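Engineer: Pasting the sequence and the predicted model now:
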Amino acid sequence: MSKKNVPAIHVQQPSISSNPAAGTSPPRPPTIPVPATSPRAPATVGMLDNLAASRVNYGTSVSHGAVQAELAGRMEFNDRSILEQLEIDKVDPRIVQECSETLQVKLAADITRLKDLARNADKVNPEVLEGEAATEHGDTDPKDLAPEDRKSRREKEMYGPLGRIFSHIQATSLPGNLNASAKQPTSEGFNRVFRRQTAALKPDQDHTLGFPHFIPDFTLIWKANWDRREVRTRWRDRDGFIEIKPSRRQHPYPAKEGDPARPLLTQTANYARLHLSARPFCAFSVSIMIFGNDFCVCMFDRAGGRISPKFNMWADLDTFIRVIWSMTRRLTDVQLGRDPSVSLAPPGLQTSWDHPAWIINPIGTDLRHWCTVGAPIWSSLSLFGRGTFVWYVRELSAAGELVGPVMILKSAWRSSQRDPESSIYQSVRGSHPGLAKYVVGADVVPFPSSSEKVTTHFLRDRPLKPDDKTKILHRIVIGTTGRPIWMYETEEQLIDGLISALEAHKFLWDQKILHRDISAGNVLLSDHPEEVGAAGFITDLDIARMEPDAELKSTETVYATSEYGRYPQRLQGPMTRTRIRFGAQRGDVITGTLQFMSRRLLEAAHYQEITASTAADDVESFFWVLVYAVFRKLLAAPTTDVEEKQVLAHFRNTFGRTSVLEILTARSGGAFHIGIYKQAIYCEMVSHPLRELLSEFRDVFSGSTSAASLPESSMVPSSYHEPKRSRINPKLYNAFKESQERVREHVLSHDGMIAALKQTRQDILDQRGGRKLGSQA
């Protein structure tokens, strides 16, 4: 490929001038519509946080138990290759000797203090130590403590001595090398520091309801950035972190194989998933665990976690110095976990006041570079799931300028046993306005000329054998933009969007492609609803199932070039090479996002039955998307404190459950049927036709008595008591008690659900016009 065909792009390491948080702020860009994200989070703790209301406004997370369950079978212990990745053997031995000698003299009192604290803590039962913070606050439930109060006094007493030791190691240099007061890296080193974290770290924006509110003990950050107040609470600026426990008995290693993860490991893993979620293009997370006088290094990627052997800080002081010095002074961003196919854009491409731009290498055989616009609009909170990141992007021309419309770039880790999402998109025959428009996609390579893909094996510097299972980083660009389904302005807009998405789902199913993950994260309202059938659309086909006789295509586009570069878009006639095979790789038989999963699949999962998803399961998921959108909208409505608590309690009850059984119970129990459905705020904000539709669907999907037959709440004014009228199918609904299965079969068909939505839309218009429900205009 000729050099004149690609932009001149250079990888930059952050510095006082090139660091994302530094430099002159660029002009404020024009407002850009919320795009067509495809944020499907797997059925893990991340899924619970991404779309659930288990916490809001950075509330306390109760996810440690779920993280502990995820760690089972995914950890490797006593892995020395971690130290090789950190290149501690390449730290100059003269630096190690100089640091060791001066440290033991100048900070002898701190070392003695840490030894005494560890000796005393070792005498206490680890379970007692874990509960000391709660005991010190009057036996408060740990999950109810503020983040800064979840640390015990023992831990806090370690912070001062350890902080001074970290600073001493980082500042040690040989004559002629980077000195401790330098503000930017030279060719011989970088200048990061480990600093005590005193405020909870947050993501760049509220792209999820449930980003937990945590404070790691120490975090790794560029020294030049630490003095900037706004940087002190941002996860994105952290290159690593340290978690501390006072006793060596609180170590992360299991007593025997199969034991559940210990508290220190669970806590570190929970922080790692937030680090992976909030640090842009983060492929793996590096951390240090200190327990008493001992320490180890840990790395988490999307396939699992690895922990180094245990070392003693004082008996193995040289190793401790090498680890701290390498992380602060030697390693690049990529060596500390940054995606190698991405580089920091120069200041001239910054389009956001407070967020850096990133340049993405060409995707597959497509020659275009891409540049992010603004902050990420979605990032998965799962630890070992797909780790989905979604951004606004524009094409970067050979002249280094942003050209073309805003599009959506999605990066996610796929299983090597699954077909790439781009192949599924390319296999769709024809197009539909309710389906996101595919632009380009491929597995990621670390740099354009590489033949090796970015896999978790690649990140761990391990050879990938033909039969090995691995996670592969896959990237796709989508040309359709939109906004979340719950950001509708009118109920007609919401219903029209769902109808368009349902029709697109049927379009795929007619081609024997089943989506299998309908959720509020991948049913969007379109920015261009003027096109017929384009009020809304579905996206995210990466776990779609293709029937055995469906054609799976993989197409490479080869653009004609000239000595002056690529031809303009209007003159391009791309040649394609298409590979077709019949039948697709099978994935997990039960897939999807738990809160939106059909009752049938939930029951199968609960009883551990093997079953395959059907079109009816996806259609039922559309109903839960409708419920989610309505109540997510209510959460944003101006209400009294009492009403807000009522809505939030109902939302948590319906969408904040953390297990299959809890979700099944919530859908069947009385709280689901009464709850907010009879409160004044619900009746004021939701039209009668839509309330009736939700009530009837709820009956069908839970098999319980209609809320309309329950006593009216005294909080509901009499003006809200309107006659019940079925929108599903009057004759079928009246015979519900005698033929429930027939009703379900009708409702769970594309035609049945679409007809019910269209009838509801018409009744909303009739009601607004003062006509009798169901009358003709």
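Structural biologist: Arrived safely.
Engineer: Below-threshold pLDDT in the stretch 101-250 of the chain: ranges please.
Structural biologist: Within the stretch 101-250 of the chain, the stretches with pLDDT under 70 are 136-149, 175-189, 204-210.
Engineer: can you give me the helices in it?
Structural biologist: In the stretch 101-250 of the chain, the helices defined using DSSP state H, counting those that start in this stretch lie at 108-121, 126-130, 132-136, 153-171, 223-226.
Engineer: Ok, the stretch 301-450 of the chain next?
Structural biologist: Assigned helices in the stretch 301-450 of the chain, in chain order: 317-325, 421-427 (criterion: DSSP H, counting those that start in this stretch).
Engineer: Flag whichever of these has the least confidence on average.
Structural biologist: Ranked by mean pLDDT, the helices of the stretch 301-450 of the chain bottom out at helix 421-427, which scores a mean of 92.
Engineer: Could you name the helices and strands sitting against that helix?
Structural biologist: Helix 421-427 is packed against strand 438-443, strand 471-478, strand 551-558, with contacts defined by 3 or more C-beta pairs under 8 Å, 6 or more residues apart in numbering; DSSP states H and E. From N, CA and C alone the C-beta is placed, and that goes for glycine too.
Engineer: Worst mean pLDDT among these?
Structural biologist: strand 551-558 (a mean of 44).
Engineer: hang on, isn't D79 packed against R306?
Structural biologist: Yes - because the distance of 4.4 Å satisfies C-beta atoms under 8 Å, D79 is recorded as touching R306.
Engineer: middle-most residue in the chain, spatially?
Structural biologist: Nearest to the centroid of the C-alpha atoms of the chain, with distances taken as C-alpha atoms, centre = their mean, sits S380, at 0.6 Å.
Engineer: how near is that residue to S415?
Structural biologist: To S415, S380 is 15 Å away according to C-beta to C-beta, to the nearest Å.
Engineer: How about E603?
Structural biologist: As judged by C-beta to C-beta, E603 and S415 stand 25 Å apart.
Engineer: Likewise for I543?
Structural biologist: 9 Å.
Engineer: Same question for D259.
Structural biologist: Counting by C-beta to C-beta, the gap from D259 to S415 is 27 Å.
Engineer: More neighbours: which of these two?
Structural biologist: For D259 versus S415, the count of surrounding residues by other C-beta atoms under 10 Å is larger for S415: 18 against 10.
Engineer: in the sheet, who's paired with the more buried one?
Structural biologist: When bridges are assigned using DSSP bridges, the partners listed for S415 are K471.
Engineer: And the nearest residue to R113 once chain neighbours are set aside, how far from P638?
Structural biologist: If the residues on either side of it in the chain are set aside, R113 comes closest to P161, at 5.1 Å by C-beta to C-beta, 6 or more residues apart in numbering. In this view, P161 and P638 are 51 Å apart by C-beta to C-beta.
Engineer: So between those two, which is more surrounded?
Structural biologist: Shown here are P161 and P638; by other C-beta under 10 Å, P161 has more neighbours (18 against 6).
Engineer: Does that one touch D116 like I think?
Structural biologist: No - counting by C-beta under 8 Å, P161 stays clear of D116, with 10.2 Å between them.
Engineer: What is the neighbour count of V660?
Structural biologist: Around V660 there are 18 residues (other C-beta under 10 Å).
Engineer: same question, T135
Structural biologist: Burial of T135, expressed as a neighbour count using other C-beta under 10 Å, amounts to 11.
Engineer: residue contacts, it?
Structural biologist: Shown in contact with T135 (C-beta atoms under 8 Å, 6 or more residues apart in numbering): no residues.
Engineer: One more: I82?
Structural biologist: 297-299, 306-308.
Engineer: which stretches of the stretch 301-450 of the chain form strands?
Structural biologist: 304-307, 311-312, 342-344, 358-360, 369-372, 378-379, 389-396, 402-415, 438-443 (DSSP state E, counting those that start in this stretch).
Engineer: okay, those strands, which one's buried deepest?
Structural biologist: Burial among those, expressed as mean neighbours by mean count of other C-beta atoms under 10 Å, is greatest for strand 378-379, which shows a mean of 27.
Engineer: Neighbouring strands of that one in the sheet, and parallel or not?
Structural biologist: The sheet places strand 378-379 alongside strand 389-396 (antiparallel), with pairing taken from DSSP bridges.
Engineer: tell me the average confidence for the strand it pairs with?
Structural biologist: If you average the pLDDT over strand 389-396, you get 92.
Engineer: quick one: contacts of it?
Structural biologist: Applying C-beta under 8 Å, 6+ apart, the contact partners of strand 389-396 are 7, 9, 32, 35, 37-39, 280-281, 349, 358-360, 368-374, 376-380, 402-412, 477.
Engineer: Just give me how far it sits from the chain centre.
Structural biologist: Relative to its parent chain, strand 389-396 has a centroid offset of 17 Å by C-alpha atoms, centre = their mean, to the nearest Å.
Engineer: mind exporting that strand as PDB, just the C-alpha atoms?
Structural biologist: Provided in PDB are the C-alpha atoms of strand 389-396 (Å, rounded to 0.1, in the frame of the first residue of the first chain):
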ATOM      1  CA  PHE A 389     -17.000   0.000  23.400                       C
ATOM      2  CA  VAL A 390     -19.000   2.300  21.200                       C
ATOM      3  CA  TRP A 391     -17.900   5.600  19.800                       C
ATOM      4  CA  TYR A 392     -18.900   8.300  17.400                       C
ATOM      5  CA  VAL A 393     -16.300   8.300  14.600                       C
ATOM      6  CA  ARG A 394     -15.600  10.100  11.300                       C
ATOM      7  CA  GLU A 395     -13.300   9.100   8.500                       C
ATOM      8  CA  LEU A 396      -9.700  10.500   8.600                       C
END
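Engineer: Also compute the angle for it relative to strand 438-443, please.
Structural biologist: Between the axis of strand 389-396 and that of strand 438-443 there is an angle of 110 degrees, by axes from the mean of the first three to the mean of the last three C-alpha atoms, to 10 degrees.
Engineer: what's the angle between strand 389-396 and strand 402-415?
Structural biologist: Relative orientation of strand 389-396 and strand 402-415, computed by the same axes, to 10 degrees: 140 degrees.
Engineer: Could you give the number of residues near the closest residue to S167 other than its chain neighbours?
Structural biologist: Closest residue in space to S167, ignoring its immediate chain neighbours: V193 at 7.0 Å, by C-beta to C-beta, 6+ apart. V193 sits with 21 neighbouring residues when counted by other C-beta under 10 Å.
Engineer: give the contact list for V193.
Structural biologist: Contacts of V193 were listed using C-beta under 8 Å, 6+ apart, and they are 166-167, 170, 220-223, 226, 328.
Engineer: For those, which single residue is the most surrounded?
Structural biologist: Comparing the contacts of V193 by number of neighbours (other C-beta under 10 Å), W222 comes first, having 27 neighbours.
Engineer: pretty sure it contacts D237?
Structural biologist: Yes - in terms of C-beta under 8 Å, W222 counts as a neighbour of D237; the distance is 7.3 Å.
Engineer: So the closest residue to D443 other than its chain neighbours: helix, strand or coil?
Structural biologist: In space, not counting the residues next to it along the chain, D443 is nearest to K453; the distance is 4.8 Å by C-beta to C-beta, 6+ apart. The assignment at K453 comes out as coil when based on DSSP: H, G, I helix; E, B strand; the rest coil.
Engineer: can you pull the contacts of S81?
Structural biologist: In this structure, S81 makes contact with 306, 460-461, judged by C-beta under 8 Å, 6+ apart.
Engineer: Out of the strands of the stretch 301-450 of the chain, the one nearest E101 is which?
Structural biologist: strand 311-312 (18.4 Å; C-beta to C-beta).
Engineer: roughly how far is that closest one from the heart of the chain?
Structural biologist: 34 Å.
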